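[1] Dropping the sequence and predicted coords here.
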Amino acid sequence: MKKFALFLVFLIVASVAFSQAKVYKGVSVLTATTKLGTNLFTGDHVYCTATGNEYILTANQGGSATITTIIASGSYTLLTSYSSTLSLATLTLTGKATLPWISGTHSNITTDSCVTLVASTLAKAPTVSVATTLNLPGTANTITKTTGNGNSATFSHSLVVTDSLTVSKVITGAAPSRGSSAFVTNGTRAAVYIAGATSSDYYIVRGIAADQYTRPVAGDLLNCFAKTDSLIVMRQAGTTSGQGFTYFRIK
């Protein structure tokens, strides 16, 4: 009898221990509007191939449910997300780093090695958006834009490189960094408004020839002066009426 009682105690303890573990079902669907095709219960997982997102259900779902209806009901917890958002004050990378899908706004990313943006076979478009400064100290540092899928590195403020910067194609400047203007008739002074310009900025200013044969004259020799929010361009005598010029601004 004592042995039988011990055996019953063992069975109760074992059943309690095993009852703590539960197996959940996982379903994969092609898109957010693809029907589940089977009944799922709280704790089951749904993975969307099109977005790379995985959801844990917080309520039972019928076979006709879709990820779209699940999201609308709020009955889920997002487990993984391809286009995840990373918000931070400082990200310091001490070695080579691969950042496959950073999107969002970051105030500072610092690295002493290599930052590579990797394109995905799922046609995602990873973007690094830096709000203030991206620092690349040292030598042989690179920011690689992997071709395909529209991925890019966007720097809304300054890009700081303490060594050399090599550009294999064209540098495209926006309006605050480059532009063109002209003197009014034979005027000797032209002012160009540039939002954000300061008196400490540097400018490269060149005259624009009327055609491929027109040579510059001494009276059109250009000079410039940097002011807050503007560039002042001057010339000696204003020989050429409406003389045009281009400028390139450097901090």
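    Yep, it's here. Numbering: from 1, shown residues only.

[2] Got the phi and psi for residue 71?
    Backbone torsions of residue 71, given as degrees, to the nearest 10, read phi -60, psi -40.

[3] Equivalent analysis for residue 68, please.
    Main-chain torsions, residue 68, degrees, to the nearest 10: phi -60, psi -40.

[4] and it, what is it in contact with?
    For residue 68, the contacting residues are 32, 33, by C-beta atoms under 8 Å, 6 or more residues apart in numbering. All C-beta atoms are positioned from the backbone trio N, CA, C, and that covers glycine.

[5] Kindly report the same for residue 191.
    Residue 191 is in contact with 230, 231, 232, 233, counting by C-beta under 8 Å, 6+ apart.

[6] I'd like a version of the residues you listed in CSV, one that adds distance to residue 56, secondary structure and pLDDT as further columns.
    Compiled in CSV, these are given as follows (distance: C-beta to C-beta, whole Å; DSSP: H, G, I helix; E, B strand; the rest coil; pLDDT from 0 to 100):
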residue, distance to residue 56, secondary structure, pLDDT
230, 57, strand, 95
231, 58, strand, 96
232, 63, strand, 96
233, 63, strand, 96
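
[7] Redo the residues you listed as TSV? Include neighbour count and distance to residue 63.
    Below are the contacts of residue 191 laid out as TSV (neighbours: other C-beta atoms under 10 Å; distance: C-beta to C-beta, whole Å):
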residue	neighbour count	distance to residue 63
230	14	67
231	22	67
232	14	72
233	22	72
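
[8] closest to residue 178 among the residues you listed?
    The shortest approach to residue 178 among the contacts of residue 191 belongs to residue 231, at 11.0 Å (C-beta to C-beta).

[9] distance of the closest one from residue 184?
    Using C-beta to C-beta, to the nearest Å, residue 231 is found at 16 Å from residue 184.

[10] Tell me which two of the contacts of residue 191 sit farthest apart.
    Comparing every pair within the contacts of residue 191 by C-beta to C-beta identifies 230 and 233 as the most remote, at 10.1 Å.

[11] Look up the residues that both of these two are in contact with.
    Common neighbours of residue 230 and residue 233, counting by C-beta under 8 Å, 6+ apart, are 191, 192.

[12] The protein: helices as residue ranges?
    2-19, 67-73 (DSSP state H).

[13] mean pLDDT lowest for which of those?
    Across these, helix 2-19 has the smallest mean pLDDT, namely a mean of 56.

[14] residues touching the nearest residue to residue 177 once chain neighbours are set aside, list them.
    Leaving out its chain neighbours, the residue that sits closest to residue 177 by C-beta to C-beta, 6 or more residues apart in numbering is residue 249, at 5.1 Å. Going by C-beta under 8 Å, 6+ apart, residue 249 touches 176, 177, 178, 194, 197, 201, 202, 203, 231.

[15] Which among the residues you listed count as buried?
    The neighbour count (16 or more other C-beta atoms under 10 Å) marks 177, 178, 194, 197, 201, 203, 231 as buried among the contacts of residue 249.

[16] Now distance to residue 54 too, for these, in JSON lines please.
    As requested, those are exported to JSON lines (distance: C-beta to C-beta, whole Å):
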{"residue": "177", "distance to residue 54": "43"}
{"residue": "178", "distance to residue 54": "46"}
{"residue": "194", "distance to residue 54": "48"}
{"residue": "197", "distance to residue 54": "49"}
{"residue": "201", "distance to residue 54": "50"}
{"residue": "203", "distance to residue 54": "53"}
{"residue": "231", "distance to residue 54": "53"}
